[in-house]
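[1] model this:
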Amino acid sequence: MNHLDLNQSNPRSFRTRARAAMPLLRMRYWLVCLGFLVWGSLIVSKLMWLQVLRHKEFVEKAQKQQQHTFEVAPRRGVLYDRNLRELAMTVQADSVFAVPSEIDDKKATVHALAQVVHVGNDSSPVDAWTSEDQILSRVSASRNFAWVARRLSPEAAAKVKALNLKGVYFQKEFQRFYPDNEIAAQVLGYVGVDDNGLGGMEQKFDGRLHGEPGRMYAAMDARRHVMGSTEREPEPGENLVLSIDENIQFIAEKALDAAMLRTRAANGTAVVQDVHSGQILALAIRPTFNPNDFRHTTPQLLRDHAVSDVYEPGSTFKLVTYASAIDQHIVTPDDKIDCQGGAITFNGRTIHDDKSDHYGVITVHEALEHSSDVAAVKLALRMGPDHFYEYIRNFGFGSRSGLELPGETRGLLRPPPRWGSTSIGSIAIGQEVAVTPVQLVAMVSTIANGGVYLPPHVVIASQGKDGRVTGQQGNQLTPQPFHAGEELPATLPPGAHRVISTLSAAEMRKMMEGVVLYGTGKQAQLNGYSSGGKTGTAQKIDPVTRTYSKTMHVASFAGIAPINSPVIAVAVVLDDPKGGGVSYYGGAASAPVFAQIAQGTLEYLGVPHDIDLHAPRAGKNESPKDEEHEQEHTGDVSALMAALNDLPQDDPLREAVANARAASAEPKPAKVAAKSETAETLPAEEHTATASQPDEPVVEMVSVALPANMVKVPSLIGMPVRQVVMEAAAAGLNLQVQGRGLVRSQEPAAGSPVKPGSQIVVHCAR
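    Numbering: from 1, shown residues only. Predicted coordinates for the structure are as follows:
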């Protein structure tokens, strides 16, 4: 009987055995199911781990492999003049980058590129970033990306495109452009290669002008070929409207250019201010630079002498002395004052008028016309130190004006407890005090507008990304053309305050007119307009030896026009005029600059004439006796220099003097050591006989415009961190590293002038 027969013959036995096997089969089934479940769970868990929990990590890895990401600079805000003419704008330019992995012969490619993109030569270290060695270093240090050159000119970009080099690509970037080139260069400043503002408004408002950067993603295939790019659009910066009038700025700069050529001065400054609003209409500095060619800009040319340099004001400061005495009712312009034959002795010191001046009893206004030191000292002694000091402070001296430009100093002014026994006499004639050209123009503006001090300012409106306008009504920027006003604003701006009464200011204006008609400022007379002002001449102080220079002077003139209804105030300061047969006195060197600027500005503004055209200006007492001669030193130089210790730590004068003293250890020719090194030295001619008949006395002054001990930021782009650390240490700079890998960007930009020990930030990526 076979097995089948047995099963068939005993079905009960078969069913019994089948029932007994069922639990085992079910167990095997569930074990298999459990296995599949565990296997599936592991797969799902792994997928969850990879695709959810580590999603961001793998996306970043993929992006690093497939894309190169770098910031795209935003469009900087526009800087307008008051008539909405662009003074600084942003245009697009081609930048060149390379993908080193695609380049077969790196040396040959880099050599060909350097022949086109390198600006300058071996003698131009500021252009080293585009040298062949620097480009090769960046290309060799990276596999995926390396900058070749940033923001090329259209001509250079066309030449690079014509090379048709493998692995070399173009990227559009924003570039700062200054349509008027040198016009208002120190006011505007310039922008470095990394779009950071350097100097002027570009630096002061860099955060607002810069905007928010965007990002560019350059996609690559498996062979590292660039397939295309997408961008996240950057957000543009704010637009600013300045009080500068481009035409008035042009008039001031041309007049200053002519003066520099005529006088061979080391540097010059001219400031034009609206007397009824405090707005700066023009601020001209010479020598200057072209912000479009920032590679050849130096710290000396970038320095704004109008706010960063100080000098003893000399005779121009007598306006403060006379205005204070008249406002206190100590004298009136027609009162008599005894000039004592040209000499006064008090507390053991004798102060003289010019050797040719032996005035006795004359009127107060005649004393100002003849720039009598004796009369000024007598008025100050009658006021007393406390009252005199209060007026000086109210006129804006000894404090920062708040002008929206970087690097402003408050000047040097000691409080009365620190005055010496004869300091009040020295300060009365403009010694033992140091001021800036902006402070000087604000002082004469105060007299011009009726006695109210208005803080000078240069920004009148700003427009943000949301279209909101600050400083004017509406939501659109509109031109703010300058119109000659006759009254102060109904609501005075913050910081404004009355200094002298309206009557005192009117009396001072007539006395200033007398200085121009009959005194030392005859060359400041205008054609068809009345004018008034005060001349000043100063010997410079060497901050190292603390002695007055016998050969170097500062010539200045501060004036207003027209007299009866003033529109503008102008201050002109020329540092070390000594050439072209021109006297170094303020009346001969600076007063003609005032006349040219004021005449051109008033005609441009259409201000009605208040006197006859070509009217004869010959006044009374015209004789050689009116021309004043040099007088002896009376100021305490050591006390003035000691005032540096009272300045805030961030005041530029502290560093300037410290650097000058350090630099004095180096041997220099005598003439060079005495000069201010903040500006290019122009060829000087020997002093001629024209100075033998000066137009006003030399009141010896200090000029603390000194060279800054700066270092240039090295180029670190494309370098590994270790090399960056070594480069920064060699340059004496502190370093902050963000990220890992090679340096992709740096702040400040390569070539930027910074103080030793400053911190530079580098952004690294692999």
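[2] C-alpha from now on. contacts and neighbour counts both.
    OK.
[3] all helices for the stretch 351-500 of the chain, in order.
    364-369, 373-383, 385-394, 423-428, 437-448 (DSSP state H, counting those that start in this stretch).
[4] which one, of those, ends up nearest to Tyr29?
    Among those, helix 437-448 comes nearest to Tyr29, with 96.4 Å by C-alpha to C-alpha.
[5] tell me the angle the closest one makes with helix 385-394.
    Helix 437-448 runs at 100 degrees relative to helix 385-394, counting by axes from the mean of the first three to the mean of the last three C-alpha atoms, to 10 degrees.
[6] what's in contact with helix 437-448?
    269-276, 278, 305-307, 310, 320, 395-397, 401, 452-456, 499-500, 505-506, 508-509, 558-560, 563, 566, 568-573 (C-alpha atoms under 8 Å, 6 or more residues apart in numbering).
[7] equivalent analysis for stretch 587-605, please.
    248, 251-252, 255-256, 259, 263, 482-484, 520-527, 529, 535-536, 555-559, 561, 568, 570-574, 577, 582-583, 694-696.
[8] if any of these are buried, give me the ChimeraX selection for them.
    A single ChimeraX command selects the buried members of the contacts of stretch 587-605 (16 or more other C-alpha atoms under 10 Å):
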select :248,251,252,255,256,259,263,484,520,521,522,523,524,525,526,527,529,535,536,555,556,557,558,559,561,568,570,571,572,573,574,577,582,583,694,695,696
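[9] pull the helix or strand with minimum mean pLDDT from the protein.
    When each helix and strand of the chain is scored by mean pLDDT, DSSP states H and E, helix 670-674 comes last, with a mean of 34.
[10] let me know the secondary structure of Ala20.
    Recorded secondary structure, Ala20: helix (DSSP: H, G, I helix; E, B strand; the rest coil).
[11] just confirm Ala555 is within a strand.
    Yes. When classified by three-state DSSP, Ala555 is found to be part of a strand.
[12] tell me which of the contacts of helix 437-448 fall in helices.
    Within the contacts of helix 437-448, residues falling in helices by DSSP state H are 305-307, 320, 505-506, 508-509.
[13] taking those together, which two end up most distant?
    Largest pairwise distance in these, by C-alpha to C-alpha, is 30.8 Å, between His305 and Ala506.
[14] from what I can see Gln92 touches Lys172, true?
    Yes. Using C-alpha atoms under 8 Å, Gln92 and Lys172 qualify as a contacting pair, with a distance of 6.3 Å.
[15] still on that earlier bit, how about the helices of the stretch 351-500 of the chain in JSON lines, adding mean neighbour count and distance to Ser745?
    Shown next, in JSON lines, are the helices of the stretch 351-500 of the chain (neighbours: other C-alpha atoms under 10 Å; distance: least, C-alpha to C-alpha, whole Å):
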{"stretch": "helix 364-369", "mean neighbour count": "24", "distance to Ser745": "60"}
{"stretch": "helix 373-383", "mean neighbour count": "23", "distance to Ser745": "59"}
{"stretch": "helix 385-394", "mean neighbour count": "18", "distance to Ser745": "46"}
{"stretch": "helix 423-428", "mean neighbour count": "26", "distance to Ser745": "52"}
{"stretch": "helix 437-448", "mean neighbour count": "29", "distance to Ser745": "38"}
